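**Q** the amino acid sequence is not available; the structure is as follows:
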């Protein structure tokens, strides 16, 4: 793994810093290393992931000169992004455009600086989104807004996307990292098995519908009933009250 993706740890949180100067443009190598870093985090014991950029932009899109239909296996990449078992928080700054917006949409929670410019702009190049923006926006906010965002190719203010339900939280630029890390730490200190089950059930609901999620939820929740964190939560409830459990992620 080279330095296209920098990896650090802060307690239970793996911090992935996108590092492809000057604009974090996506290439096949960048995407491959990003997927590898996400997959490695839970293998190394992380219980949550924060994705951020220390450059001017989170990701200003794809390096279209280096990407082609033959060079990118979108389905494989999306499957790898969706299968990460721990929660992912993305902290968005600067330009979050095209493919950069799409890798953000594959995260679980989005925090954006109020100065960020966000959009699905591929149509301005004669392209359509390649990495799931249409599907994921439709799942988040419905087809009408998803079509608007992806067909018009505009850049949007974070506050508007927060109102629409695309983004979870908008903060000042100086507070972006601390806000993103705070959310990731809260998730990382939570009952990891239960949170992982929630993520799987939500993904199945989006992909296959509520009935299929209902059908499979029992199996997906089975590990929760056998988790040590459930025992810790019950014991804490009895002894010190709700919200006092110290979960260990197993």
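**A** That came through fine. Since the structure is predicted, the reported quantities are computational estimates derived from the model, not experimental observations.
**Q** in which helix or strand would I find residue 15?
**A** For residue 15, the host element (DSSP states H and E) is strand 13-18.
**Q** from the contact counts, what lies against the lowest-mean-pLDDT helix or strand in the chain?
**A** Among the helices and strands of the chain, helix 74-82 carries the lowest confidence by mean pLDDT, DSSP states H and E, at a mean of 91. For helix 74-82, the elements it packs on are helix 28-43, judged by 3 or more C-beta pairs under 8 Å, 6 or more residues apart in numbering; DSSP states H and E. Any C-beta I mention is one placed from the backbone N, CA and C, and that applies to glycine too.
**Q** what's the angle from the helix it packs on to strand 13-18?
**A** Relative orientation of helix 28-43 and strand 13-18, computed by axes from the mean of the first three to the mean of the last three C-alpha atoms, to 10 degrees: 170 degrees.
**Q** residue contacts, the residue nearest to residue 23 when sequence neighbours are not counted?
**A** Computed as C-beta to C-beta, 6 or more residues apart in numbering, the closest residue to residue 23 that is not its neighbour in sequence is residue 60, at 4.0 Å. With C-beta atoms under 8 Å, 6 or more residues apart in numbering as the criterion, the residues that contact residue 60 are 23-25, 94-95, 97-98, 100.
**Q** the residue nearest in space to the middle of the chain in helix, strand or coil?
**A** Here the mean C-alpha position of the chain is nearest to the C-alpha of residue 107 (C-alpha atoms, centre = their mean), at a distance of 1.0 Å. What DSSP: H, G, I helix; E, B strand; the rest coil gives for residue 107 is coil.
**Q** the one 4 residues further on too?
**A** Three-state call for residue 111 (three-state DSSP): strand.
**Q** for residue 224, see how far away residue 42 is.
**A** As for residue 42, its distance to residue 224 is 17 Å (criterion: C-beta to C-beta, to the nearest Å).
**Q** same check, this time on residue 74
**A** In terms of C-beta to C-beta, residue 74 sits 32 Å off from residue 224.
**Q** any idea how far the residue nearest to residue 23 is from residue 158?
**A** With the distance defined as C-beta to C-beta, residue 60 ends up 16 Å from residue 158.
**Q** swap in residue 169?
**A** Counting by C-beta to C-beta, the gap from residue 169 to residue 158 is 9 Å.
**Q** ranking by neighbours, what's the top pick from the contacts of residue 60?
**A** residue 100 (30 neighbours; other C-beta atoms under 10 Å).
**Q** I'd say it and residue 58 touch.
**A** Yes - taking contact to mean C-beta atoms under 8 Å, the distance of 5.8 Å between residue 100 and residue 58 places them in contact.
**Q** between these two, which contacts overlap?
**A** Taking C-beta under 8 Å, 6+ apart as the contact rule, residue 100 and residue 58 both touch residue 24.
**Q** now the phi/psi pair for residue 55, please.
**A** phi -90, psi -180 (degrees, to the nearest 10).
**Q** what's the spacing between it and residue 160?
**A** Plainly put, residue 55 is 24 Å away from residue 160 if you go by C-beta to C-beta.
**Q** among those two, which residue is more densely surrounded?
**A** Each of residue 55 and residue 160 has its neighbours counted (other C-beta under 10 Å); residue 55 has more, 18 against 12.
**Q** the closest residue to residue 137 other than its chain neighbours: how many residues sit nearby?
**A** Nearest-residue entry for residue 137: residue 146, 3.7 Å, with adjacent residues in sequence omitted and distances by C-beta to C-beta, 6+ apart. Here the neighbour count serves as a burial measure; for residue 146 (other C-beta under 10 Å) it reads 22.
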